[in-house]
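In: no sequence on hand, only this structure:
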């Protein structure tokens, strides 16, 4: 009986693996971009997805709507051509639609689901008009198309990885508030015009437009009707555009929001404010410290005992390690890892090693770089943990390995479930989930463990505190003015760095949650560096005021002060969603607020880690400059 059960399990496993292999083999091999075409060579038009324009994450398969799966027959074309009074081009190889393409990791992550289309396009051959298919649309089909048009659906296609966008249809005489009223019309765009540019036998430009004169009235969805889908092709020579520069035209696309303009003066103004703020804090802090050093150096021990207040009085408590040291060290290590990841990612994007125009390459780069930089998180967290004289370094490694991925997995499970329930392409395929999981299990986690082991065996366990820590903690004064309280400090710590990046943040949001391609990675790198610097300086300034009121619990305080900008970014995301975007619906809201919480948490970890480490250098410096018993 047991043997039969084992055989059944083996057969079941083989069946599952076989079905996976068959499904994988059913996919069409993608056509590599950059092909050098000869005259009359077949050109593939790849369809991708449809969805509401204002909800960029809410996307569905192109063939979720009743579009043509197969090209019309020769007899149907000849009959339609006679009615249109046009000459038919020579028929090429028959093409079948709705066959899925194999995709890159990044494309699957961003929700692409590329499939073949029946459009027969050949290189250099312009077509005045050609029948695609005659499709009988039932009331259900008409209702689906009408709902899509009223929800402002757009479609996306590709030719040689060049994206093309267009609207499915349009409405007329609708009320702006109520929507469809008596006398309003709903039209389906049944004709597409492909406008393709070539240079040196390579396709360098692609655009699709709709023909208003050939639109079909589908206002009445109760009566089935036969719709004639058609297309035309126009080729032109684009001599001034090289293949490697073909994506530059998309910044000027009329389909994309024309209001997306970079206000250089505002950005420069923001950077100047950041530099002035940093210089201002530096000068004031140095002057105050100079006065403190002068005063403390002149006081003898007897006089020091009579001193009523000051940061020197807590020299025996300032290096008392924080509560929950394992969690604290994991947070610092993870923050360091994310800082290195962000810096290298921006450098690679700026240098062109990560293609910013290739679909999904930014997100795929984040996933891979997170795995490769896991060594940094493991090493820095365990090194700090051992310097705190803690012994359970294995627990520290596990905390470091799971501190950021755990919330990501939690949010992903929620948003992916919502996407699956809605039938959206935003739901990651099982193979993509397995790929990302394998990267973490076989690359990120081992590198985290390896970094921790290296820190345990080779990093110095000496904390090198300039003062000795007393056995009994000093009592912390409770009566403090409101402007020195923790809530006010947290508000200042988050608001000032956030105000420095506010302008650039708007454009990043418009790119992340819109249809624009962000290309100003030089400015973004500069903004990130300045953000880290400003956050660190403000954290140090607030730390000085905390020590001056004899509060020695600065470890977690400096980390939280540094990371508060992340909370401000999340609060801003609510303002952007409700007042600066047209997004709506359960699916889009789940993705937006779910992943913005992850991004904000990442900023909290990064800036908190930077703020703490600058604060640690500052504290060690000032206490090493004064005489302490």
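Out: Right, received. Where do you want to start? Everything quoted here is computed from the prediction, not taken from an experiment.
In: where does pLDDT dip in the stretch 451-600 of the chain?
Out: With pLDDT under 70 as the threshold, the stretch 451-600 of the chain has low-confidence stretches at 516-519.
In: out of all of them, which strand in the chain is the longest?
Out: strand 225-237 (DSSP state E).
In: what mean pLDDT does that strand have?
Out: Strand 225-237 shows a mean pLDDT of 94.
In: can you give the distance of it from its chain's centre?
Out: 36 Å (CA atoms, centre = their mean, to the nearest Å).
In: which other helices and strands does it contact?
Out: strand 127-137, strand 191-199 (3 or more CB pairs under 8 Å, 6 or more residues apart in numbering; DSSP states H and E). Placement of C-beta: from N, CA and C, glycine included.
In: taking strand 191-199 as reference, get the angle to that strand.
Out: Counting by axes from the mean of the first three to the mean of the last three CA atoms, to 10 degrees, strand 225-237 lies at 20 degrees to strand 191-199.
In: just the endpoints, please. Distance across stretch 163-174?
Out: 30 Å (CA to CA, to the nearest Å).
In: now do the helices in the stretch 51-200 of the chain.
Out: 74-84, 105-109, 139-150 (DSSP state H, counting those that start in this stretch).
In: including mean neighbour count and mean pLDDT, could the helices and strands packed on strand 225-237 go into CSV?
Out: Listed next are those as CSV, based on neighbours: other CB atoms under 10 Å; pLDDT from 0 to 100:
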stretch, mean neighbour count, mean pLDDT
strand 127-137, 19, 92
strand 191-199, 20, 94
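In: among those strands, which comes closest to residue 328?
Out: Of all the helices and strands packed on strand 225-237, strand 191-199 sits nearest to residue 328, with 57.2 Å by CB to CB.
In: now what about that closest one, what contacts it?
Out: Identification of contacts with strand 191-199 by CB atoms under 8 Å, 6 or more residues apart in numbering yields 37, 43, 45, 119, 121, 123-124, 159, 164, 166, 203-211, 214-215, 229-239, 241-243.
In: now swap in stretch 169-176 and tell me
Out: Outside of stretch 169-176, the residues within contact range by CB under 8 Å, 6+ apart are 145, 148-150, 153, 180-181, 183-189, 212, 215, 218.
In: and the longest strand of the chain, which residues are buried?
Out: For strand 225-237, burial by neighbour count (16 or more other CB atoms under 10 Å) applies to 225, 227-233, 235.
In: Serialize the residues you listed to JSON lines and add fields for distance to residue 109.
Out: Listed next are the buried residues of strand 225-237 as JSON lines, based on distance: CB to CB, whole Å:
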{"residue": "225", "distance to residue 109": "39"}
{"residue": "227", "distance to residue 109": "35"}
{"residue": "228", "distance to residue 109": "38"}
{"residue": "229", "distance to residue 109": "32"}
{"residue": "230", "distance to residue 109": "35"}
{"residue": "231", "distance to residue 109": "31"}
{"residue": "232", "distance to residue 109": "35"}
{"residue": "233", "distance to residue 109": "32"}
{"residue": "235", "distance to residue 109": "34"}
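In: show me where pLDDT drops low in the chain?
Out: 1-27, 31, 175-181, 250-267, 269-270, 273, 289, 292-309, 516-519, 627-629.
In: how about residue 39, secondary structure?
Out: coil (DSSP: H, G, I helix; E, B strand; the rest coil).
In: does it touch residue 235 like I think?
Out: No. Look at residue 39 against residue 235 with CB atoms under 8 Å: they stay out of range, at 10.8 Å.
In: now the common contact residues for these two.
Out: Common contacts of residue 39 and residue 235, defined by CB under 8 Å, 6+ apart, comprise 123-124.
In: show me where the protein has strands.
Out: Ranges of strands in the chain, per DSSP E, are 42-43, 46-52, 60-61, 115-116, 121-122, 127-137, 153-159, 162-167, 169-172, 185-189, 191-199, 202-210, 215-217, 225-237.
In: adding distance to residue 282, write the ones you listed out as TSV.
Out: TSV is the format used below for the strands of the chain (distance: least, CB to CB, whole Å):
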stretch	distance to residue 282
strand 42-43	60
strand 46-52	49
strand 60-61	54
strand 115-116	58
strand 121-122	62
strand 127-137	67
strand 153-159	50
strand 162-167	47
strand 169-172	58
strand 185-189	60
strand 191-199	53
strand 202-210	50
strand 215-217	64
strand 225-237	58
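In: nearest to residue 542, of those strands?
Out: Checking the strands of the chain against residue 542 by CB to CB gives strand 46-52 as the closest, at 44.2 Å.
In: contacting residues around the closest one?
Out: By CB under 8 Å, 6+ apart, the list of residues contacting strand 46-52 from outside reads 31, 58-65, 67, 97, 101, 111-117, 148, 151-159, 163, 168, 424-425, 585.
In: same question for stretch 587-606.
Out: Stretch 587-606 is contacted from outside by 55-58, 331, 334-335, 338-339, 342, 403-404, 407-408, 411, 414-415, 418-419, 422, 424, 426, 513, 532, 563-567, 569-570, 573-574, 577, 583, using CB under 8 Å, 6+ apart.
In: hmm, back to that, got the helices and strands packed on strand 225-237 as a markdown table, with distance to residue 522 columns?
Out: What follows is those, written out as a markdown table (distance: least, CB to CB, whole Å):
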| stretch | distance to residue 522 |
| --- | --- |
| strand 127-137 | 43 |
| strand 191-199 | 28 |
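In: for stretch 310-321, what is the distance to the chain centroid?
Out: On CA atoms, centre = their mean, the centre of stretch 310-321 falls 42 Å from the chain's centre.
In: and for stretch 150-166?
Out: From the chain centre to the centre of stretch 150-166 is a distance of 21 Å (CA atoms, centre = their mean).
In: kindly report the same for stretch 380-399.
Out: For stretch 380-399, the separation from the chain centroid amounts to 31 Å (computed by CA atoms, centre = their mean).
In: pretty sure residue 34 sits against residue 202.
Out: Yes. Using CB under 8 Å, residue 34 is in contact with residue 202, at 6.7 Å.
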